[in-house]
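> Attaching a predicted model along with its sequence, questions to come.
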Amino acid sequence: MKNKTTIWHKGGCHCGAVTFEVRAPVNAILTACNCSICNMTGFLHLIVPAEDFRLLTGADNITTYTFNTHAAKHTFCQTCGVKPFYTPRSHPDGISVNFRCVEQSRFETVTSEDFDGRNWEDNIAELRKEE
């Protein structure tokens, strides 16, 4: 059985204007979604409850983009354009952190599971079942 220890990991956007901390397992399980926006931005999901996320700097430097149902709140740094985290449609009470924006040295193992977001409506129950 894998260690379920959670710790705080630091992260941020490319230019450093937006920084955050996320409490996540040292043995992370990520979600690789193939929907249009995740595919184009290379987003690799580390989904956590909202209380396991702390925005440290840059609240005034974030812009939000929505589309389709407008349920997901895609947040971007206004300076560098990187999307380090957002509020996902699948987990509206949580935060999806872009694992590529997190300092990764404190993770022991990292695995990734594919999610067919192109067919979101048909597959969302499977993603939510993992909670």
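It's in.

> Give me the longest helix you can find in the chain.
helix 120-128 (DSSP state H).

> Residues contacting it, please?
The contact list for helix 120-128, computed with C-beta atoms under 8 Å, 6 or more residues apart in numbering, reads 31, 35, 89, 90, 91, 115, 116, 117. In this view, the C-beta of every residue, glycine as well, is placed from N, C-alpha and C.

> Give the buried subset of these as a PyMOL selection command.
A single PyMOL command selects the buried members of the contacts of helix 120-128 (16 or more other C-beta atoms under 10 Å):
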select buried, resi 31+35+89+90+91+115+117
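
> Among the contacts of helix 120-128, which one sits closest to residue 48?
residue 91 (8.7 Å; C-beta to C-beta).

> What separation is there between that closest one and residue 82?
21 Å (C-beta to C-beta, to the nearest Å).

> again, but for residue 123
27 Å.

> This structure: strands as residue ranges?
6-12, 19-25, 27-33, 44-49, 53-57, 62-65, 73-77, 85-87, 94-98, 109-115 (DSSP state E).

> what would these look like in CSV with distance to residue 127?
As requested, these are arranged in CSV below (distance: least, C-beta to C-beta, whole Å):
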stretch, distance to residue 127
strand 6-12, 20
strand 19-25, 17
strand 27-33, 7
strand 44-49, 9
strand 53-57, 19
strand 62-65, 21
strand 73-77, 17
strand 85-87, 15
strand 94-98, 11
strand 109-115, 6
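
> who touches residue 78 in this structure?
17, 61, 62, 63.

> next one: residue 96
43, 45, 46, 47, 85, 86, 87, 88.

> do residue 29 as well
With the criterion set at C-beta under 8 Å, 6+ apart, residue 29 makes contact with 111, 112, 113.

> mind listing what's buried in the longest helix of the chain?
For helix 120-128, by 16+ other C-beta under 10 Å, it's 120, 127.

> now it and strand 44-49, what's the angle there?
Interaxial angle, helix 120-128 versus strand 44-49 (axes from the mean of the first three to the mean of the last three C-alpha atoms, to 10 degrees): 60 degrees.

> could you check the angle strand 27-33 makes with helix 120-128?
Using the same axes, to 10 degrees: helix 120-128 against strand 27-33 is 180 degrees.
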